[in-house]
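**Student:** One predicted model, sequence on top.
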Amino acid sequence: MTNILLYLLVGLTAGVLSGLIGIGGGVIIIPALILMFGLSQHTAQGTTLALMVPPIGILAAWTYYKAGFVDLKIAAFICIGFLIGGFFGAQFAVGIPEHILKKIFGIFLLIISLKMILLK
């Protein structure tokens, strides 16, 4: 029961931050699953991808859509690319040793954070 409440809290936190600042939930969820629950990098990534299917973004997207902040044409094309890219990315990731995958993920987050902090 405790883990269920913690899972809900992680999801709530990721959802709020995603809706608030537009970050992908994976930035919050993947580290949480690894650090709080002891999942492997692969399991954390796979679980996060599984949970981000339609139910996650639908209400947040609807809110933005009603406010006029959604370009459906752009979203559709990115979705197609994401679908294809997600498949190939997952195919590649499952063959990478976990310690290397963790480093790739960490470097990616570091690069993005430095760009966000240092660029105007």
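**Tutor:** That came through fine.
**Student:** got a list of what the residue sitting nearest the centre point of the chain touches?
**Tutor:** Centroid-nearest residue in the chain, with C-alpha atoms, centre = their mean: Gly26, separated by 2.3 Å. Shown in contact with Gly26 (C-beta atoms under 8 Å, 6 or more residues apart in numbering): Gln45, Thr48, Leu49, Met52. In this view, the C-beta of every residue, glycine as well, is placed from N, C-alpha and C.
**Student:** do that again at 7 Å, thanks
**Tutor:** Thr48 (C-beta atoms under 7 Å, 6 or more residues apart in numbering).
**Student:** so Ser18 sits right up against Leu12, yeah?
**Tutor:** No: using C-beta atoms under 7 Å, Ser18 is not in contact with Leu12; the gap is 10.6 Å.
**Student:** between these two, who's got more neighbours?
**Tutor:** Ser18 (20 against 10; other C-beta atoms under 10 Å).
**Student:** Grab the nearest non-local neighbour of that one.
**Tutor:** Gly25 (5.1 Å; C-beta to C-beta, 6 or more residues apart in numbering).
**Student:** Counting neighbours, what do you get for the one you found?
**Tutor:** Look at Gly25: counted by other C-beta under 10 Å, it has 21 neighbours.
**Student:** And the one 3 residues further on, by the same measure?
**Tutor:** Other residues within reach of Ile28, judged by other C-beta under 10 Å, total 19.
**Student:** so how far is the strand or helix carrying Phe82 from its chain's centroid?
**Tutor:** Applying DSSP states H and E as the criterion places Phe82 in helix 72-93. Helix 72-93 sits 13 Å away from the centroid of its parent chain (C-alpha atoms, centre = their mean, to the nearest Å).
**Student:** Residues touching it, excluding its own?
**Tutor:** Contacts of helix 72-93 (C-beta under 7 Å, 6+ apart): His42, Gln45, Leu49, Leu101.
**Student:** separation between the residue nearest to the centre of the chain and Tyr65?
**Tutor:** The gap separating Gly26 from Tyr65 is 22 Å, by C-beta to C-beta, to the nearest Å.
**Student:** same question, Thr47
**Tutor:** Thr47 is 27 Å from Tyr65, by C-beta to C-beta.
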